[in-house]
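> following is a predicted model, sequence given first.
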Amino acid sequence: MPSKLAAPRGTQDIFPPQTGRWQELEARIAALARRYGYGEIRTPIFESTDLFVRGVGETSDIVEKEMYTFTDKGGRSMTLRPEWTAPVVRAALQHGLFTQGSQRLYYVGPIFRYERPQAGRYRQSHQFGIECTGYAEPQADAEVISLAWDLLQEYAIGGVTLRLNSIGDEMCRPKYRDALRAHFSRHREQLSADSQRRLERNPLRVLDSKAPEDQALVASAPRLESFLCADCRAHFEGVKLALKAAGVPFTVDARIVRGLDYYTRTVFEFVSDALGAQNAICAGGRYDQLVGSLGGPDVPAVGFALGLERFLWALDSVGTSEEARREGVQAIAIGSQALQALLPLVTGLRRKGAGPVFIDYGDRKLLAQLKIADRNNARYALILGEKELAEGSIVLRDLVTRTDRPLPLRKDTLEALGELKG
């Protein structure tokens, strides 16, 4: 007997009614992005492996440990998209978007990372993200952060803190790397294996370590703030000033460095104290050097990414998840004659676009069909049986209040029902 087929480990199937939550979230995302002037971009789910090695950085966990890479039939090394920023920049370069001026782009779609599945994290997951390019000014950083803040506020997620930092740029960061390397090298043997490996290649990544044995050394490490050059310091002050103007509260956290090599200056995370150790909901920062590193012009940019699975899990964890709103009509026919009489009304309602219209074609009793209506989360039921046929009427039942209202079964019935709202 063949083995039972199942979704690969670290992936999930999403189906009704769960898809209703996804659709609601994606609709809110699209509406919010439009309000901020952002347009959607879609890129292939696989790209040249070199794009991520050059864009994300050889020392990042993504490149070192997590990418799904394969050789195609042409002998080319390809990788399933592990993050969105590098593909968005590649697409903008390929299609000349940067020559048209500043760009405000958003995306929603899957990413793929080989990592240990845990709460809110999958090997195939989905991200919403923003890329704002062409603006070096700190107000652009605050705009991107404000957009994320607005989404969190729409869903009333409590206990959320914005943690903010500056990691400098190519002018001041080399001195800080040297200071970190000197600090950690004195205690190399006490560091975790990962941190020892990162120490020579990118000591900033040691600050991002979650290993218990690293925490005391990270806490005593030099602070980047004292190494910031005048321009980076002024930029960071500008970001804080713009966030205050936008009414977005924040906490400066010197340990926020982010795990991707392309970040410069502003980096940030939104965290929730209700989520335990894995408490990040959304993260991002400025990446002024990425476009140039991929062969393009010098284009300043800032953005963020938010995991949809983790966001929905956060809603459940903090108890702010919303029940799906009842909408639409369940058409219920009791008997074959009623079914035949109900079909034109169902077709007309669907063509009017008044909302979802459900119908069960089986020969079931009223109670069974009402259970189906509840499963479909319908707002109303249209009930037609032998008695109603004989009287030339149809029953409209409100499935929230459980009250009935008889309506005449005439040509104008469709017009009356077409006014129903979910």
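Here it is on my side, so go on.
> got phi/psi on R379?
Here is the backbone geometry of R379 (degrees, to the nearest 10): phi -90, psi -40.
> oops, could you answer that again for S77 instead?
With angles defined as degrees, to the nearest 10, S77 sits at phi -80, psi 120.
> who's it bridged to?
T71 (DSSP bridges).
> pLDDT score assigned to it?
S77 is assigned 95 on the pLDDT scale.
> tell me the contacts of the closest residue to Q369 other than its chain neighbours?
Nearest non-adjacent residue to Q369, counting by C-beta to C-beta, 6 or more residues apart in numbering: I332, 4.4 Å away. Every residue, glycine included, has its C-beta placed from N, CA and C. By C-beta atoms under 8 Å, 6 or more residues apart in numbering, the residues touching I332 are 359-360, 366, 369-370, 373, 381-384.
> excluding covalently adjacent residues, which one is nearest to P222?
Going by C-beta to C-beta, 6+ apart, P222 has A179 as its nearest residue, at 4.6 Å.
> correct me, but the one you found touches F227?
Yes - the pair A179 / F227 is scored as a contact, 6.9 Å apart, by C-beta atoms under 8 Å.
> quick one: which of the two has more around it?
Counted by other C-beta atoms under 10 Å, A179 and F227 do not tie: F227 has more neighbours, with 20 against 17.
> re the thing from before, measure the residue nearest to P222 to V271 for me?
27 Å (C-beta to C-beta, to the nearest Å).
> shaky segments in the stretch 101-250 of the chain?
117-120 (pLDDT under 70).
> thinking again about what came up before, now do the residue nearest to P222 against L224, distance only.
From A179 over to L224 the distance is 9 Å, taken as C-beta to C-beta.
> about what we covered before: which ones among the contacts of I332 map onto helices?
The helices, defined by DSSP state H, take in 366, 369-370, 373 from the contacts of I332.
> now flag whichever of those is closest to G296.
Of all the ones in helices among the contacts of I332, G296 sits closest to A373, with 55.1 Å by C-beta to C-beta.
> which residues touch that closest one?
Contact partners of A373, counting by C-beta under 8 Å, 6+ apart, are 330, 332, 358, 381, 399.
> chain center to the helix or strand containing L306, what's the gap?
Here L306 sits within strand 301-307, counting by DSSP states H and E. Computed by C-alpha atoms, centre = their mean, to the nearest Å, the separation of strand 301-307 from the middle of its chain amounts to 10 Å.
> mind listing what's buried along the helix or strand just after that strand?
Per DSSP H and E, the first helix or strand lying C-terminal to strand 301-307 is helix 308-317. By 16 or more other C-beta atoms under 10 Å, the buried positions in helix 308-317 come out as 308-315, 317.
> and the contacts of the strand or helix carrying G348?
G348 belongs to helix 336-352 when assigned by DSSP H and E. Contact with helix 336-352 is made by 329, 331, 333, 357, 359, 361, 363, 382, 384-386, 388-389, 394, 409, 413-414, 417-418, as judged by C-beta under 8 Å, 6+ apart.
> mean confidence for it?
Mean pLDDT, computed over helix 336-352, is 91.
> list the buried ones in it?
Going by neighbour count (16+ other C-beta under 10 Å), the buried part of helix 336-352 is 338-339, 341-342, 345-346, 348-349.
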